[in-house]
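Peer 1: I need the structure of the sequence given here:
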Amino acid sequence: MQWSLFVLILMGQCSFFTCHLYEYHFIPEKKTWEEAQSYCRENYTDLATVSDMRGVERLTNSPQTDAWIGLRSINERDIKEWHWSLPGEKYNPTECNPECAPEWAPNEPDNGGDDPENCVVINPFQKWYDDHCSKTPKKFICYNETGPQRYIVIDELKNWLQAQSYCRENHTDLVSGITQIHSTEFKNQVKKFKERVKESNDQHNLWIGLFREIWSWSDGKNFSFRHWDPDSFKDNASKTCAMTTSNGKWSSDTCTEEKPFYCYDDIVILIKESKTWDEALTYCRTNHHDLVSITDRHQQRWVQERAKMADTEFVWLGMRYTCTLDLWFWVIERLVCYHNWAQPGMDAQCGMAAVMKKDGEWYKKADNEKFNFICAK
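Peer 2: Sure thing, here's the model as predicted:
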């Protein structure tokens, strides 16, 4: 095949390729949460872990009934972690310089009172306060991933979960992440809101997509995504296991109740052997399917969780640079449409391949260096 034709074929494959790095299995047999967990670990990978709305949509293709998933509360206040509502956004101010640090108001977050303050508002002066998630409904600000207007103030009073559901159904999510909140467009929207509430004496705080909780996934993955039903979820100390409901959203129940459940099977595997890129490619094709390819941010998050457990600083991905064509391509013969490079640009030299660092960012390395690697099963 001529190179020009090969490039055209590759370019045509950027927009039409979708694959999943995990599979869901609905098990109709009723079991307690712990029995379901044991069953999934023996026969698959674990109880279902859900990382984003794409996972929710795949679950809703299964029978619509109350069914266990792999989320459980350990009910210990002192280990709560902050998360952003938008999947993939990390709350980690220790890695940030002062210009991009969170802007908590003095003495915040204080988690004041007997009732925990697990949700966050921003005031017209761009300062953050933790607040009760459901006591006092508030207005909120949504984020649009695409479109001319990225940030929209919603003039409706809702509790935090209701605000999150509204934003996900009508936009992308509640505004999330330091980059969004420090953007000029976001600040301008808050400034306009400030002028409006000054004139009307209206409520002046807005929900943002920052929350903390004690729920964690059975398989240990650190995905912050939650899809609680705001009309059915109750913060009941005895209801510490999560389930899907008939409307596709999540609620909680007592773990000893017997229900059907969802398992998942992970089809990416970390190989803790140090090999060159060619050796890793041969190993994956001999023992599994191929070196892993990442074509969107959903797959990126899933592979990143595997990379965290590597014994080497980097892990090989199934991407290589070709000098002949002067481009990067995946071993599945697709161009690099989605990327997560740590450094701008994708320029490289002959004999280079892509690696992922444990933090999820991609780097270029000589293909004769030796690292752990990730295979697609």
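Peer 1: just the CA coordinates of stretch 313-321, formatted as PDB?
Peer 2: Listed in PDB are the C-alpha atoms of stretch 313-321, where the atom choice follows Å, rounded to 0.1, in the frame of the first residue of the first chain:
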ATOM      1  CA  GLU A 313       8.300   5.300  36.800                       C
ATOM      2  CA  PHE A 314       6.800   4.900  33.300                       C
ATOM      3  CA  VAL A 315       4.800   2.200  31.500                       C
ATOM      4  CA  TRP A 316       4.800   1.600  27.700                       C
ATOM      5  CA  LEU A 317       1.700   2.400  25.600                       C
ATOM      6  CA  GLY A 318       1.000   1.000  22.200                       C
ATOM      7  CA  MET A 319       2.000   4.200  20.400                       C
ATOM      8  CA  ARG A 320       5.100   4.700  18.300                       C
ATOM      9  CA  TYR A 321       6.700   7.400  16.100                       C
END
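Peer 1: which parts of it are buried?
Peer 2: By 16 or more other CB atoms under 10 Å, the buried positions in stretch 313-321 come out as 314-321. All C-beta atoms are positioned from the backbone trio N, CA, C, and that covers glycine.
Peer 1: One more: stretch 286-295?
Peer 2: Counting neighbours by 16+ other CB under 10 Å, the buried set in stretch 286-295 is 288, 291-295.
Peer 1: Make CSV out of these and add secondary structure and pLDDT.
Peer 2: Formatted as CSV, the entries for the buried residues of stretch 286-295 read as follows, by DSSP: H, G, I helix; E, B strand; the rest coil; pLDDT from 0 to 100:
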residue, secondary structure, pLDDT
His288, coil, 93
Leu291, strand, 95
Val292, coil, 94
Ser293, coil, 92
Ile294, coil, 91
Thr295, coil, 86
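Peer 1: mind putting the residues you listed in a markdown table, distance to Thr244 included?
Peer 2: Formatted as a markdown table, the entries for the buried residues of stretch 286-295 read as follows, by distance: CB to CB, whole Å:
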| residue | distance to Thr244 |
| --- | --- |
| His288 | 30 |
| Leu291 | 34 |
| Val292 | 28 |
| Ser293 | 30 |
| Ile294 | 27 |
| Thr295 | 27 |
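Peer 1: I'd like to know which of these is nearest to Gln149.
Peer 2: Thr295 (28.3 Å; CB to CB).
Peer 1: Could you name the helices and strands sitting against the longest helix seen in the chain?
Peer 2: Among all segments of the chain classified by DSSP state H, the helix with the greatest residue count is helix 184-200. Helix 184-200 sits against strand 138-143, strand 151-158, with contacts defined as 3 or more CB pairs under 8 Å, 6 or more residues apart in numbering; DSSP states H and E.
Peer 1: okay, the angle between that helix and strand 138-143?
Peer 2: Relative orientation of helix 184-200 and strand 138-143, computed by axes from the mean of the first three to the mean of the last three CA atoms, to 10 degrees: 160 degrees.
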